[in-house]
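Q: Okay, sequence plus prediction incoming.
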Amino acid sequence: MKSVFKIVNIVGPVKGESSVGKIRVAFPSRAWLIRRFIDGEARFAFEGRGPKLADAVPFDTFQSEGFSHRGEDCTFETLRKEFSIQDPRVAALAGIVHDADLGDGKFARPEGIGLDRVLIGWAQQGVSDEELMRRGMELIEGLYHSLRKTPPSQ
């Protein structure tokens, strides 16, 4: 398919905020989900860097276009639902990313906090946003493989 997804929410500091910590587990997890389940050839462009990409699909915006939080769902959950991804490990990841992104403990999944801390640590070391995305996607892939293929019986 080879689509271009425009990462809008990562670029530069926001009103008194340094760029350290802007990329958290939620950002690379979304990119991972897109590449793994939606479009294996997707490219990601950081808004405000390089040429303007008119055909890019924005995500993590608070605009009506593209993909973002919807209701109580984080963007990862929005993408999972929008593209009907039924993989049970992705469902588990959705809870992990939700808890890390929104901090509401809705799914009681502490794994995302650990992943978040690793990404924040790398950012504090001066790792570029692009490298943080690459490393973060590898972390999510590893976590995906560590999860059970079927939900535990109740």
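A: Thanks, I have it.
Q: could you say which helix or strand contains residue 45?
A: Element membership for residue 45, per DSSP states H and E: strand 43-46.
Q: same for that strand, what does it pack against?
A: With contacts defined as 3 or more CB pairs under 8 Å, 6 or more residues apart in numbering; DSSP states H and E, the secondary structure elements packing on strand 43-46 are strand 4-7, helix 129-146. For glycine as for every other residue, the C-beta is placed from the backbone atoms N, C-alpha and C.
Q: swap the cut-off to 6 Å and go again
A: Judged by 3 or more CB pairs under 6 Å, 6 or more residues apart in numbering; DSSP states H and E, strand 43-46 is in contact with strand 4-7.
Q: Secondary structure of residue 109: a helix, I assume?
A: No: following the definition DSSP: H, G, I helix; E, B strand; the rest coil, residue 109 is coil and is not counted among the residues of a helix.
Q: got the contact list for it?
A: Under the criterion of CB atoms under 6 Å, 6 or more residues apart in numbering, the contact list for residue 109 reads 95, 96, 99.
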